[in-house]
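> Take a look and give me a structure for this.
(one chain, ligands or ions: 1)
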Amino acid sequence: MARVEQIFATSIYSAPLGGPRVKALIDELRTACRSIAQEDIAGQRWSADAGYKGYTSYASLDDLPMRNPSFAELAERLKPHLVEFAAAVDFEMRGLRPEIDSIWINVLENGGTHTGHIHTNSVISGTVYVDVPDGASAIRFEDPRLAMMMAAPPRKARAAAHNRNFAYFKPTPGTVLLWESWLRHEVPTNLAAEDRISVSFNAVMV
Ligand SMILES: [Fe+2]
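All right, here's what the predicted structure looks like:
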């Protein structure tokens, strides 16, 4: 009897943020994201220069947990998720633990997109979703072996999830998504009339 086994897995972690008053925290994060997006002139300028339709604090602010307690609370609540993901992918921790070293806001307007990228200098990356209106884009992950598939046939439209070269996730607000930072991903064009709001972060081992 033949066996076909799946090896070299790429893991995506997804879980509700959890804990008390999640909806209130997400509401606070939304308010904070919007007010910081209004006030952060350097971030607005960087977003415009980078062709990011909307606002990201990625390049302009490195102190969100100090600016607003909702980000500090979020970072604290993400800790057990990071630990669980590290365990799920069998990292040999050697006494280390994953710690968030950067956290930033993404407000993607209608028609906005975030082209393919990886998160350099970090180990685990992730996003917490704040607003995912109807028509908002999913996040798309790319098979890290894609560059090696010069002669490989395309996959069937209905290929099994583990055989596809791209994977789409469209989490609901309050969901935590984690992946290893080397995994290339993008946010295709946001077709929602309203903004798609999320908070992303990188974690390193300390
Ligand atoms: Fe990203």
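> starting at the chain centroid, how far to stretch 43-55?
Centre-to-centre, stretch 43-55 and its host chain are 18 Å apart (CA atoms, centre = their mean, to the nearest Å).
> Endpoint to endpoint, it covers what distance?
Counting by CA to CA, to the nearest Å, you get 7 Å between the two ends of stretch 43-55.
> pLDDT (mean, whole number) over that stretch?
Averaging pLDDT along stretch 43-55 gives 97.
> Numbering from 20 from now on, please.
That works, and once the first residue is 20, the last one we named lands at stretch 62-74.
> got the end-to-end distance for stretch 24-33?
Terminal-residue distance, stretch 24-33 (CA to CA): 24 Å.
> residue boundaries of the helices in the protein?
With DSSP state H as the criterion, the chain has helices at 41-58, 60-68, 83-86, 88-107.
> Would you format the ones you listed as CSV with distance to A157 and mean neighbour count included?
Heads up, the C-betas are built off the backbone N, CA and C, glycines and all. Listed next are the helices of the chain as CSV, based on distance: least, CB to CB, whole Å; neighbours: other CB atoms under 10 Å:
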stretch, distance to A157, mean neighbour count
helix 41-58, 19, 17
helix 60-68, 21, 15
helix 83-86, 25, 16
helix 88-107, 20, 17
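> F185: which of the ones you listed is closest?
With CB to CB as the measure, helix 88-107 is the member of the helices of the chain nearest F185 (21.2 Å).
> Which neighbouring elements make contact with the closest one?
Secondary structure elements in contact with helix 88-107, counted by 3 or more CB pairs under 8 Å, 6 or more residues apart in numbering; DSSP states H and E, are strand 32-35, helix 41-58, helix 83-86, strand 117-127, strand 143-150, strand 194-199, strand 215-224.
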